[in-house]
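Student: Mind looking at a prediction? Sequence and model below.
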Amino acid sequence: MSRDNKKTLPFDADSDYSLPGRFEESNHVYYNSVDEIGRTKSRGIWIAALSFLIVAGGFFAYYFIYQNEIDSRIIQNSLIVDPERKLATQYNVGEYGSEHSHAAIVIFVNGELLNFGHSKFQLTSKYIHFENQNPYILHKHATGAPLEMLFTSMGMRLTSECFMLNYELSTETGKFCTDTKNTLSLYVNGKPYNSNLSQYVFKHHDRILISFGNSESIMEELAFLESLKIFDIPKKTPRYSGDGITI
């Protein structure tokens, strides 16, 4: 093959830099720009990743620090959802309408009689309640329903030592517990009840007294309770519509 026919690469002077990309790719300014863009993108990625880690770390740190409080709120919220249903399960309460019995109950605090005829104390529980604005007759509409269901439905609590209110009584709201000066006295059918009365499942025509204060007025309070009339059970079947309770 002759030298003239031998193919040779063109000299730089003969190169056509007008072709797309040729001049730019051969220019050092191009490479510097590419490197700078790459470094900027890398810095952005690292900054975003670092920010995510800081935020995520802060969240998990907060959770683990306040985990007990968070868990407590979750538990408390679950209790608020339907306390009556939880108590019905706890005490194995029968179906609504499985029983209908009446009892009389009065509560005295320092000689003052609580008035359960107020509308906010009426029909507070499906299973056990006051109704028709009557302030002392209890209606029980299911087997096994304890007094605790009644007190819980009204926002109250009763133990063997304390009676707790959540509404205003003579400009006072509070917790009334047996101490050196006052006694919480519990009676069922005229006899002292020495256990936790909130667990008691009353029978038809029971008479229940809860009295806080000095014991001097107990006999008078028992006499008042005995004088109250307990109405007979209606013959018709009770109905529960979900919006209200009727008998």
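Tutor: Great, that's in hand.
Student: Listing partners with orientation, what would you give for the strand or helix carrying A104?
Tutor: A104 belongs to strand 101-109 when assigned by DSSP states H and E. Its sheet considered, strand 101-109 pairs with strand 112-113 (antiparallel), strand 137-140 (antiparallel), strand 207-213 (parallel) by DSSP bridges.
Student: List just the one of those that sits closest to D82.
Tutor: Comparing the strands paired with strand 101-109 against D82 with C-beta to C-beta, the closest turns out to be strand 137-140 (19.4 Å). Where you see a C-beta, it was placed from the backbone N, CA and C, and this is true even at glycine.
Student: just the CA coordinates of the following helix or strand past the closest one, formatted as CSV?
Tutor: The first helix or strand that comes after strand 137-140 along the chain, using DSSP H and E, is helix 147-153. This file holds the C-alpha atoms of helix 147-153, laid out as CSV (Å, rounded to 0.1, in the frame of the first residue of the first chain):
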residue,chain,number,x,y,z
LEU,A,147,-73.9,-0.3,91.0
GLU,A,148,-70.5,0.6,89.6
MET,A,149,-72.1,0.9,86.1
LEU,A,150,-74.4,3.5,87.5
PHE,A,151,-71.7,5.6,89.2
THR,A,152,-69.4,5.4,86.2
SER,A,153,-72.1,6.5,83.9
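Student: got CSV for the strands paired with strand 101-109, with mean pLDDT and distance to K120 too?
Tutor: As requested, the strands paired with strand 101-109 are exported to CSV (pLDDT from 0 to 100; distance: least, C-beta to C-beta, whole Å):
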stretch, mean pLDDT, distance to K120
strand 112-113, 94, 17
strand 137-140, 97, 16
strand 207-213, 97, 19
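Student: export these to TSV and tack on distance to D232 and mean neighbour count?
Tutor: Shown next, in TSV, are the strands paired with strand 101-109 (distance: least, C-beta to C-beta, whole Å; neighbours: other C-beta atoms under 10 Å):
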stretch	distance to D232	mean neighbour count
strand 112-113	24	13
strand 137-140	11	22
strand 207-213	16	21
